[in-house]
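[1] Below are the sequence and a predicted model; questions follow.
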Amino acid sequence: MLDIEVIEDPAVAAVALDPIRARLLAQLAEPASAAALAQRVGLTRQKVNYHLRTLESHGLVEVAGERRHGGLTERLLVASAATYAVSPGALGSAGADDPARAADRLSAAYLVALAGRAVREVGALARRARRGDRRLATLALDTEVRFRSAADRAAFADELTRAVAALVSKYHDGAVADGRSYRLLVAAHPVPAEDGPSREGPAVGATFAAAQTNAAAQPDPAPDPQTEEPR
């Protein structure tokens, strides 16, 4: 089972987003039979079988094993991934917004376009990496910061921009022939009110250390077209 599958195909997205099939996928984190699922979700076995066949034909569930009851053989199915995400690309041109078209770089629309591009690109790269039996080297930082005032927020944004620009200038080498190009996305948005502020305070140090360990564990051979972004 994959940790996460980014769905790019519109037909697969439509299947996964169907309410009944979404419920069945959620129940298939562990292998189960159609009969067991029918009891859990309160549907007939025939209806569950119909939806399971549709999910299986689109690669969203797979056979995990079989067991026999008397003269009958019962198939056990499991979801193909622990989590699914639908790429904006599944909406075609309506969902493939280009961040470069955004006039306001401080707008929510620009941030959403950047996030959508990250989902599309990382999802595609992860699929290529799996086909080549390779791991995709990535780096992610996640933390929270609570500002005393709008002035502090503006000062933080200015200092962060200068720090990132300095690091990019230090490490970027556009002339090297066999280097690897990476996108760096830095974003900030308010924490949703229902989530509330973190009780434990920011943990960016631990997050960054874990990310460094993950990146260091990845070999860095010559560029692999299966896991590299187009240049």
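    Received it, and whenever you're ready, just let me know what you need. Quantities reported herein were computed from a predicted structural model and do not represent experimental measurements.

[2] switch to C-alpha atoms for all contacts and neighbour counts from now on
    Noted.

[3] Tell me where the chain has strands.
    Counting by DSSP state E, the chain has strands at residues 2-7, 61-69, 72-79, 81-86.

[4] Redo these as JSON lines? Include mean pLDDT.
    Shown next, in JSON lines, are the strands of the chain (pLDDT from 0 to 100):
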{"stretch": "strand 2-7", "mean pLDDT": "88"}
{"stretch": "strand 61-69", "mean pLDDT": "88"}
{"stretch": "strand 72-79", "mean pLDDT": "90"}
{"stretch": "strand 81-86", "mean pLDDT": "90"}
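
[5] Among those strands, which comes closest to V122?
    Nearest to V122, of all the strands of the chain, is strand 2-7, at 8.6 Å by CA to CA.

[6] Show me what counts as buried in the closest one.
    By neighbour count with 16 or more other CA atoms under 10 Å, strand 2-7 contains the buried residues 5-7.

[7] Return that strand as CSV; C-alpha atoms alone will do.
    Presented in CSV, the C-alpha positions along strand 2-7 are these (Å, rounded to 0.1, in the frame of the first residue of the first chain):
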residue,chain,number,x,y,z
LEU,A,2,1.3,3.5,-0.9
ASP,A,3,1.4,6.2,1.7
ILE,A,4,-0.3,8.6,-0.6
GLU,A,5,-1.6,8.5,-4.2
VAL,A,6,-2.2,11.8,-6.1
ILE,A,7,-5.0,11.3,-8.5
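
[8] So what's the gap between it and the chain middle?
    7 Å (CA atoms, centre = their mean, to the nearest Å).

[9] Outside of that strand itself, list whatever touches it.
    With contacts defined as CA atoms under 8 Å, 6 or more residues apart in numbering, strand 2-7 is touched by 13, 80-87, 90, 119-120, 123-124.

[10] Tell me what angle that strand forms with strand 72-79.
    Direction vectors for strand 2-7 and strand 72-79, defined by axes from the mean of the first three to the mean of the last three CA atoms, to 10 degrees, enclose an angle of 80 degrees.

[11] Between strand 81-86 and strand 2-7, find me the angle.
    Note on geometry: by the same axes, to 10 degrees, strand 2-7 and strand 81-86 are set 20 degrees apart in direction.

[12] Neighbouring strands of strand 2-7 in the sheet, and parallel or not?
    Here strand 2-7 is paired, per DSSP bridges, with strand 81-86 (parallel).

[13] before we move on, back to that, any chance of the strands of the chain in a markdown table, plus distance to S181?
    Putting those into a markdown table (distance: least, CA to CA, whole Å) gives the following:
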| stretch | distance to S181 |
| --- | --- |
| strand 2-7 | 22 |
| strand 61-69 | 34 |
| strand 72-79 | 34 |
| strand 81-86 | 25 |
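
[14] Which of these sits closest to Q46?
    Evaluated with CA to CA, the strands of the chain place strand 72-79 nearest to Q46, the distance being 13.8 Å.

[15] now the angle from that closest one to strand 61-69?
    Relative orientation of strand 72-79 with respect to strand 61-69: 150 degrees, computed using the same axes, to 10 degrees.
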